[in-house]
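> Give me the fold of what follows.
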Amino acid sequence: MDVSSPDHRLSQIQTLWSVVCQAHGDGPPEAVAAAQQQLLARYGKVVQRYLLGALRDREAADELAQEFALRFMRGDLKGADPQRGRFRDYLKGTLFHLIGDWHRRRIKDPLPLPSEHDPAEIDSDAAGSDRQFLESWRAELLEGAWSGLAGQERETGQMYYRVLRFRAEHPEMRSEEMAERLTGALARTVTATWVRQMLHRARERYAELLLDEIRQTLREPSLDEIEEELAATGLHAYCQPALAKLRSSG
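Sure, this is the predicted structure:
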């Protein structure tokens, strides 16, 4: 089987739930520590991004991000239950509780709170908090797919990442102009036809990697569950051809 094919990768990638269980399990200390570091490295950015958006205070966000990491490493968050569903719901719930604890500590503080950090103002908009978290989560999934595409380029030499990133940074540019610019950037002559073909293949590969990112966050993902999660995160449009390809392959 082609190891770059989406159906092969979907069968090989370890889900985040399995890593969560390992990170809070009773296995060898080195395996537990490695799983913890893997999770913190992978989702530290989404934690930081969400906390900063929710608190609107960089110092407080940094403080809570460190507290999250400390609690996680101590095993205080080991109550996660994969039977409850999506990894992002577990992470969101954990961060909501962390923010709630922070607000309660601030309320007990005898010093007056600045109006822009009034917890009543923040807590009153639960829908806004959900939206902020979903936006942070969505950005992390997209960034993960970009990282995967860059990694594949380093491994294979296929220039999907550079061509697709160039298109993302210059969406108005026509293929002919892209070919001229990329000829200089890549130190090789490319044509407009080559650019169009590379963009098509790069988009396909990016969509497959995005499916991988979604799959990792689900406990036992079926294609229907993956599609539901893509719709919930507003990413369905990116992956329709890749989903159709998976369905047709069974």
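
> switch to C-alpha atoms for all contacts and neighbour counts from now on
OK.

> For this protein, just list every one of the strands.
Counting by DSSP state E, the chain forms no strands at all.

> show me what contacts residue 144?
If you count contacts by Cα atoms under 8 Å, 6 or more residues apart in numbering, residue 144 has them with 210, 213.

> That one and residue 40, how far apart?
With distances taken as Cα to Cα, to the nearest Å, residue 144 is found 14 Å from residue 40.

> and what of residue 140?
Note on residue 140: its distance to residue 40, by Cα to Cα, is 13 Å.

> repeat for residue 54
In this structure, residue 54 and residue 40 are 20 Å apart, going by Cα to Cα.

> Which one of these two is surrounded by more residues?
residue 54 (20 against 17; other Cα atoms under 10 Å).

> And the pLDDT for the closest residue to that one other than its chain neighbours?
Taking Cα to Cα, 6 or more residues apart in numbering, and ignoring the residues beside it in sequence, residue 54 has residue 129 as its nearest neighbour in space, at 6.5 Å. Turning to residue 129, the model gives it a pLDDT of 70.

> wait, doesn't residue 129 sit right on residue 56?
No - taking Cα atoms under 8 Å as the definition, residue 129 is not a contact partner of residue 56, at 11.9 Å.

> And the nearest residue to residue 236 once chain neighbours are set aside, how close does it get to residue 156?
Of all residues not flanking residue 236 in the chain, residue 230 sits nearest, at 4.7 Å (Cα to Cα, 6+ apart). Here residue 230 is placed at a distance of 28 Å from residue 156 (Cα to Cα).

> Comparing residue 129 and residue 56, which residue is more hemmed in?
residue 129 (19 against 14).

> how near is the more buried one to residue 69?
Noted for residue 129: a distance of 21 Å to residue 69, by Cα to Cα.

> so what's residue 146 up against?
Applying Cα under 8 Å, 6+ apart, we find residue 146 in contact with 161, 206.

> per-residue confidence for it?
Listed pLDDT for residue 146 reads 95.

> List of residues touching stretch 169-188?
By Cα under 8 Å, 6+ apart, the list of residues contacting stretch 169-188 reads 163, 167, 189, 190, 191, 192, 193, 194, 195, 196.

> count of residues packed around the residue nearest to the fifth one when sequence neighbours are not counted?
Same thing as residue 191. Using Cα to Cα, 6+ apart and skipping residues adjacent in sequence, the residue nearest residue 191 is residue 179, 5.3 Å away. As a burial measure, residue 179 scores 21 neighbours (other Cα under 10 Å).

> Same check on the one 10 residues further on?
When neighbours are counted by other Cα under 10 Å, residue 189 registers 13.

> got the phi/psi numbers for it?
Listed backbone geometry of residue 189 is phi -80, psi 130, with angles given as degrees, to the nearest 10.

> Just the buried positions in stretch 195-207, please.
Residues 195, 196, 198, 199, 202, 203, 204, 205, 206, 207 are the ones in stretch 195-207 that count as buried (16 or more other Cα atoms under 10 Å).
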